[in-house]
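Q: Quick one: sequence plus predicted model below, questions after.
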Amino acid sequence: MDATAVACFSTDSVAQAKDFYAGTLGIDVSELATGTLVLNLAGGSHVFIYEKEDHAASNYTTLILAVADVRATVRDLAAKGVQMAPLPGTDDEGVAQDEDMPPTAWFTDPAGNWVAIGEMPGVA
């Protein structure tokens, strides 16, 4: 099969999601006629976000954004009001790092979906 992957997840408000992903995170976002958002990410990948009336926040990582420098990204997002989750194993900046995992930090979007930023060699 010759295919590419496109991920998707739900939100309770497309308007809030658009404001967060475009306005706060600075991701290029377009909107389809159906009201579905498309995150147009570096490297040509896309993530669809659709509004769902009975949306339930995820209790797992919904989206991982690969970045070159997690700590710089954490500081940039903190300046924009995004707080990293103080999860077990994270330091004062909210970054987890050990020998088995590259630096990674987590936060939630306005709908409660878990988003991670991580240094992923070969990806970012």
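A: Yes, it's here. What you see is a predicted model; the values in this text were computed from it and never measured.

Q: Settle this for me: A22 is touching V29, isn't it.
A: Yes: if you go by Cβ atoms under 8 Å, A22 and V29 touch, sitting 4.1 Å apart. (C-beta placed from N, C-alpha, C; glycine too.)

Q: Tell me which of these two has more neighbours.
A: Of the pair A22 and V29, V29 is the one with more neighbours under other Cβ atoms under 10 Å, namely 19 against 16.

Q: Show me the strands in this structure, by range?
A: All strands of the chain, identified by DSSP state E, fall at 7-11, 28-31, 37-40, 46-51, 61-66, 95-98, 101-108, 114-118.

Q: Ranking the ones you listed by mean neighbour count, which comes first?
A: A comparison of the strands of the chain by mean neighbour count, using mean count of other Cβ atoms under 10 Å, puts strand 114-118 on top with a mean of 21.

Q: where's that strand relative to the chain centroid, distance-wise?
A: 5 Å (Cα atoms, centre = their mean, to the nearest Å).

Q: what's the angle from it to strand 7-11?
A: Angle, strand 114-118 to strand 7-11, by axes from the mean of the first three to the mean of the last three Cα atoms, to 10 degrees: 140 degrees.

Q: which residues touch strand 114-118?
A: With Cβ atoms under 8 Å, 6 or more residues apart in numbering as the test, strand 114-118 has contacts from 58-67, 70, 73-74, 77, 85, 102-109.

Q: so what strands line up beside it?
A: strand 61-66 (parallel), strand 101-108 (antiparallel) (DSSP bridges).

Q: and it, what's its mean pLDDT?
A: On average, the pLDDT along strand 114-118 is 97.

Q: My read is that S10 contacts Y50, right?
A: Yes: S10 lies in contact with Y50 (Cβ under 8 Å); the separation is 5.7 Å.

Q: Please save the CA atoms from the helix-or-strand element of the chain with minimal mean pLDDT in CSV.
A: Ranked by mean pLDDT, DSSP states H and E, the weakest helix or strand in the chain is strand 95-98, scoring a mean of 91. Extracted in CSV, the C-alpha atoms of strand 95-98 (Å, rounded to 0.1, in the frame of the first residue of the first chain):
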residue,chain,number,x,y,z
VAL,A,95,10.2,18.4,31.0
ALA,A,96,10.8,14.6,31.4
GLN,A,97,14.1,13.2,30.3
ASP,A,98,15.9,10.0,31.0
